[in-house]
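**Student:** A structural model of the following input is requested.
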Amino acid sequence: MQRAAARVLRGARTPPAGTPSATARVPPPRGLLYERHGEPAAVVQLKDLKVAELRDSDVHVKMLAAPINPADINMIQGTYAILSPLPAVGGNEGVGEVLEVGRRVTALKPGDWVIPAGAGVGDSVIQNAANSGVGQAVIQIAKASGIKTINVVRDRPDLPKLVERLMALGADHVITEEMLRKPEMKDIFKSIPKPRLALNCVGGKSTTEMLRHLQPKGTMVTYGGMAKQPVMVPVSTFIFRDVRLRGFWMTQWKKDHAQDQESLTSMMDALCQLIRRGQLTAPACTEVPLQDYKAALEATMKPFTSSKQILLF
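**Tutor:** Numbers count the residues shown, from 1 in each chain. Got it, this is the predicted structure:
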């Protein structure tokens, strides 16, 4: 009942005597899936699975054995504190054999035995100003990496259209700043884990409310301050949940890595691969002739703007 592992721990390179090798003959992959919550025997079905394309940093693992734990049963029933998005493959533990590794994977090789490094429900990110250019990029990069996103936007007249557009990019949840303060937020965390990372470019109340939903020892990175208000953090958040606050300025990051061209090249290469695969696209743009620069400046400063003004020379 094991979900495909995104991360793996150390491998045991010598399988027990008499154990058939998974690399000898690979049958069509199958898994125990459930499309709705209920009694396990009634909702779980054995179905064929489609294996994702092997990317440079990926590992394909064939599960060899997996226990059925009480927590697995509760997740299928829908009574566990954290629930997987449906349809889901059951299970969080087990042992598997590495079938293939991407060209950048050096710690593992085909034939290694591995166990999952963490629970199969994955990670999540929460961000405000999710309709911005950065926000749209975060949605797409997270989607390609198997990370869930909770995307906060300001309420506006055309909110349904904005929600539809962000969902089309791969957003898992799109909510308003007002929603952050409502009890209904707990319903979101029935299907995805609380985020370990928050991205803030607004400040003020939006920041404080996002902090409330971070996991203990989670990190908030501030890269902007559109509200022109300070980042306010309750003392209890620091003391009892050990939340960390960091700042990010792209100009300074480039200065700090000026002598480390490998890091910059690696980052750009990873982004270009996403673009080539159609997993990362530019935000909505409006092309403006250079002589109409005043109109472009005015459009940029209008509220609820999601389109980038591009000056054509």
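**Student:** In contact with the residue lying closest to residue 201 once chain neighbours are set aside, which residues?
**Tutor:** Counting by C-beta to C-beta, 6 or more residues apart in numbering, residue 201 lies nearest to residue 224, which is 3.1 Å off, once chain neighbours are set aside. For every residue, glycine as well, the C-beta is placed using N, CA and C. If you count contacts by C-beta atoms under 8 Å, 6 or more residues apart in numbering, residue 224 has them with 129, 200-202.
**Student:** before we move on, what about residue 284?
**Tutor:** With C-beta under 8 Å, 6+ apart, residue 284 has these contacts: 306-308.
**Student:** Which of these ranks first by neighbour count?
**Tutor:** Neighbour counts for the contacts of residue 284 (other C-beta atoms under 10 Å) peak at residue 306, which has 19 neighbours.
**Student:** burial measure for the closest residue to that one other than its chain neighbours, as a count.
**Tutor:** Closest residue in space to residue 306, ignoring its immediate chain neighbours: residue 131 at 4.5 Å, by C-beta to C-beta, 6+ apart. As a burial measure, residue 131 scores 25 neighbours (other C-beta under 10 Å).
**Student:** Tell me the spacing between residue 131 and residue 46.
**Tutor:** Applying C-beta to C-beta, to the nearest Å, the value for residue 131 to residue 46 is 42 Å.
**Student:** Please tell me I have it right and residue 310 contacts residue 289.
**Tutor:** No - using C-beta atoms under 8 Å, residue 310 is not in contact with residue 289; the gap is 10.4 Å.
**Student:** Take the contacts of residue 284 and keep only those in strands.
**Tutor:** residue 308 (DSSP state E).
**Student:** can I get the contacts of residue 284 in a markdown table with pLDDT and distance to residue 96?
**Tutor:** Shown next, in a markdown table, are those (pLDDT from 0 to 100; distance: C-beta to C-beta, whole Å):
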| residue | pLDDT | distance to residue 96 |
| --- | --- | --- |
| 306 | 72 | 43 |
| 307 | 79 | 46 |
| 308 | 84 | 44 |
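**Student:** Just give the nearest non-adjacent residue to the residue most central in space within the chain, would you?
**Tutor:** When C-alpha atoms, centre = their mean is applied to the chain, the residue found nearest the centroid is residue 147 (1.7 Å). In this structure, residue 147 finds its nearest non-sequential neighbour in residue 123, 5.1 Å apart by C-beta to C-beta, 6+ apart.
**Student:** Quick check: the residue nearest to the centre of the chain touching residue 126?
**Tutor:** No - at 11.1 Å, residue 147 does not count as touching residue 126 under the criterion of C-beta under 8 Å.
**Student:** Show me what the helix or strand hosting residue 265 is packed up against.
**Tutor:** According to DSSP states H and E, residue 265 maps onto helix 261-276. If you count contacts as 3 or more C-beta pairs under 8 Å, 6 or more residues apart in numbering; DSSP states H and E, helix 261-276 packs onto helix 133-144.
**Student:** Send over the helix it packs on as PDB, restricted to the C-alpha atoms.
**Tutor:** This file holds the C-alpha atoms of helix 133-144, laid out as PDB (Å, rounded to 0.1, in the frame of the first residue of the first chain):
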ATOM      1  CA  GLY A 133       4.700  37.300 -11.500                       C
ATOM      2  CA  VAL A 134       6.700  35.700  -8.600                       C
ATOM      3  CA  GLY A 135       3.500  34.100  -7.300                       C
ATOM      4  CA  GLN A 136       2.600  32.500 -10.600                       C
ATOM      5  CA  ALA A 137       6.100  31.200 -11.000                       C
ATOM      6  CA  VAL A 138       6.000  29.700  -7.500                       C
ATOM      7  CA  ILE A 139       2.700  27.900  -8.300                       C
ATOM      8  CA  GLN A 140       4.200  26.300 -11.400                       C
ATOM      9  CA  ILE A 141       7.600  25.400  -9.900                       C
ATOM     10  CA  ALA A 142       5.900  23.800  -6.900                       C
ATOM     11  CA  LYS A 143       3.500  21.900  -9.100                       C
ATOM     12  CA  ALA A 144       6.400  20.400 -11.100                       C
END
